[in-house]
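*Asks:* This is a predicted model, with the sequence first.
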Amino acid sequence: MTFLQLQQRLARRRGATSSTLVSATATRYQEALNETHRAILRAPGFEQLRRATVTFASVADTQQYALPMDGIARVERIFETTNDRSLQYHDIGWLRANDPDPVSGTAWAWIPAGFQEVHTQPADASEVFVKSTSASDATTTTASSSTDVTAYVEGIITGGYARTANVAMTGASAVSLSSAITNFIRITKFYLSTAASGTVTLHEDSGSGTELSKIAVGDSRAQFYSVFLYPTPSSVITYTADILRTVLDMSNDTDEPLLPEDFHDVLVDGAELRELTKQDDPHRWTLLQQRYRDGVRDLRSFVINHPDWSPQWGGGMAGISRLGSEFPVDQVGSRF
């Protein structure tokens with residue numbers, strides 16, 4: 001079910017006779033559904049519903065990389081198939097203690113490096129542009145006031161000088177953020193004066209140029225998980241990261257929860273439980289609480305107990321060595 005359909009089903013449960021939702025009630029139902037969605041997906045056993053993969057390519061002599069997907073809560077592993085290896089995880093303390101001035105070569109380790117507000121830096125000294133998928137991200141004028149949605153960019157220009165630029169957005173039409181600054185070589189911050197109505201993107205050179213950042217609906221800034229690779233890559237290699245997604249609130253009518261469709265009703269049960277107090281109807285509250293708990297239990301069982309899963313001696317995947325092709329697996333198929 002879509003977010004709108006979930007709200008309508010909850011409304012019917014609460015006695016509504018029309019599919020049209022009153023604004024105040026809709027806001028309350030949306031909050032209840034999102035709270036239930038977050039509570040389920042953050043609970044132990046539901047991690048795999050949040051898992052995804054993202055790829056990125058190294059650049060010669062570049063150590064830090066922002067992964068090109070917004071909403072990453074954690075990177076679980078990074079691997080590459082060119083050399084058939086899984087990179088080792090280390091922390092920043094290990095990197096600074098072992099090699100403060102990293103050498104270059106083929107990376108065999110990765111280190112979390114915090115979050116950045118852009119996923120790609122300009123290829124050269126560039127003018128940058130911003131646009132939205134919604135016409136609402138623009139100047140709004142009423143009889144008594146005028147409100148701008150302003151985009152801001154902070155960065156470094158040619159010569160190493162720090163500069164800030166801002167511009168009032170014009171909806172889906174791209175507008176330059178640097179009419180007086182056309183030589184940004186690095187972007188350090190990108191944010192809006194208010195939450196976006198559409199998806200807002202930052203581009204270099206033109207509105208259709210390379211995307212540098214993306215702010216999601218309902219947000220005012222982006223966060224891209226970044227990593228250091230060690231040694232600093234000396235060539236282009238494509239890496240794949242297994243990641244755990246942040247549980248983002250549903251906001252658009254067409255958004256769908258990160259749950260198997262057969263279990264969407266569990267969200268409605270949980271949201272109704274938040275709407276119904278025990279004092280309102282103790283008997284119904286008790287029955288609904290039990291139904292919600294049973295639904296979450298069945299969902300956890302469905303997620304965890306996959307029919308193809310079977311334990312592997314040694315805890316690994318048969319036929320794969322995490323040390324690379326130079327160290328093949330042993331006869332029974334366990335990993336070193």
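*Replies:* Great, that's in hand.
*Asks:* Can you tell me the centre-most residue of this protein?
*Replies:* The centroid of the chain falls nearest to residue 71 when counting by CA atoms, centre = their mean (1.6 Å).
*Asks:* Show me what the strand or helix carrying residue 286 is packed against.
*Replies:* Residue 286 belongs to helix 282-304 when elements are defined using DSSP states H and E. Judged by 3 or more CB pairs under 8 Å, 6 or more residues apart in numbering; DSSP states H and E, helix 282-304 is in contact with helix 264-275. All C-beta spots, glycine's among them, are computed from the backbone N, C-alpha and C.
*Asks:* again, 10 Å this time
*Replies:* helix 23-41, helix 264-275 (3 or more CB pairs under 10 Å, 6 or more residues apart in numbering; DSSP states H and E).
*Asks:* so where is the protein shaky, pLDDT-wise?
*Replies:* 19, 141-146, 179-180, 278-279, 308-336 (pLDDT under 70).
*Asks:* ok, back up a step: run the angle between the helix holding residue 286 and helix 264-275 for me.
*Replies:* 140 degrees (axes from the mean of the first three to the mean of the last three CA atoms, to 10 degrees).
*Asks:* Alpha carbons only: can I get stretch 118-125 in PDB?
*Replies:* As requested, the backbone C-alpha atoms of stretch 118-125 are provided in PDB (Å, rounded to 0.1, in the frame of the first residue of the first chain):
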ATOM      1  CA  VAL A 118      27.800  16.600  -1.500                       C
ATOM      2  CA  HIS A 119      28.500  13.200  -3.100                       C
ATOM      3  CA  THR A 120      30.600  14.500  -6.100                       C
ATOM      4  CA  GLN A 121      33.000  17.400  -6.300                       C
ATOM      5  CA  PRO A 122      33.200  19.700  -9.400                       C
ATOM      6  CA  ALA A 123      35.500  18.300 -12.100                       C
ATOM      7  CA  ASP A 124      37.100  21.700 -12.600                       C
ATOM      8  CA  ALA A 125      36.500  25.300 -11.600                       C
END
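*Asks:* ok, and for that stretch, which residues are buried?
*Replies:* 118-122 (16 or more other CB atoms under 10 Å).
*Asks:* ditto for stretch 10-29
*Replies:* 10-11, 16, 21, 26, 28-29.
*Asks:* Just give me the neighbour total for residue 281.
*Replies:* Using other CB atoms under 10 Å, residue 281 is surrounded by 12 other residues.
*Asks:* do residue 85 as well
*Replies:* For residue 85, using other CB under 10 Å, the count is 19.
*Asks:* Bridged to it, which residues?
*Replies:* Listed beta-bridge partners, residue 85: residue 80 (assigned using DSSP bridges).
*Asks:* Am I right that it is in contact with residue 108?
*Replies:* Yes - the pair residue 85 / residue 108 is scored as a contact, 6.7 Å apart, by CB atoms under 10 Å.
*Asks:* tell me which of the buried residues of stretch 118-125 is nearest to residue 284?
*Replies:* residue 119 (47.9 Å; CB to CB).
*Asks:* Let's verify the closest one: helix, strand, or coil?
*Replies:* Following DSSP: H, G, I helix; E, B strand; the rest coil, the label given to residue 119 is coil.
*Asks:* measure it to residue 305 for me?
*Replies:* Distance of residue 119 to residue 305, given as CB to CB, to the nearest Å: 36 Å.
*Asks:* for residue 183, same thing?
*Replies:* Taking CB to CB, one finds residue 183 at 57 Å from residue 305.
*Asks:* same check, this time on residue 235
*Replies:* 43 Å.
*Asks:* Give me the more crowded residue out of those two.
*Replies:* Between residue 235 and residue 305, residue 235 has the larger neighbour count (other CB under 10 Å), namely 13 against 8.
*Asks:* Grab the nearest non-local neighbour of the more buried one.
*Replies:* In space, and not counting its chain neighbours, residue 235 is closest to residue 60: 5.8 Å by CB to CB, 6 or more residues apart in numbering.
*Asks:* how many other residues sit next to that neighbour?
*Replies:* When neighbours are defined as other CB under 10 Å, residue 60 has 10 of them.
*Asks:* contacting residues for it?
*Replies:* 104, 232-236 (CB atoms under 10 Å, 6 or more residues apart in numbering).
*Asks:* make it 7 Å
*Replies:* 233-236 (CB atoms under 7 Å, 6 or more residues apart in numbering).
*Asks:* Thank you, goodbye.
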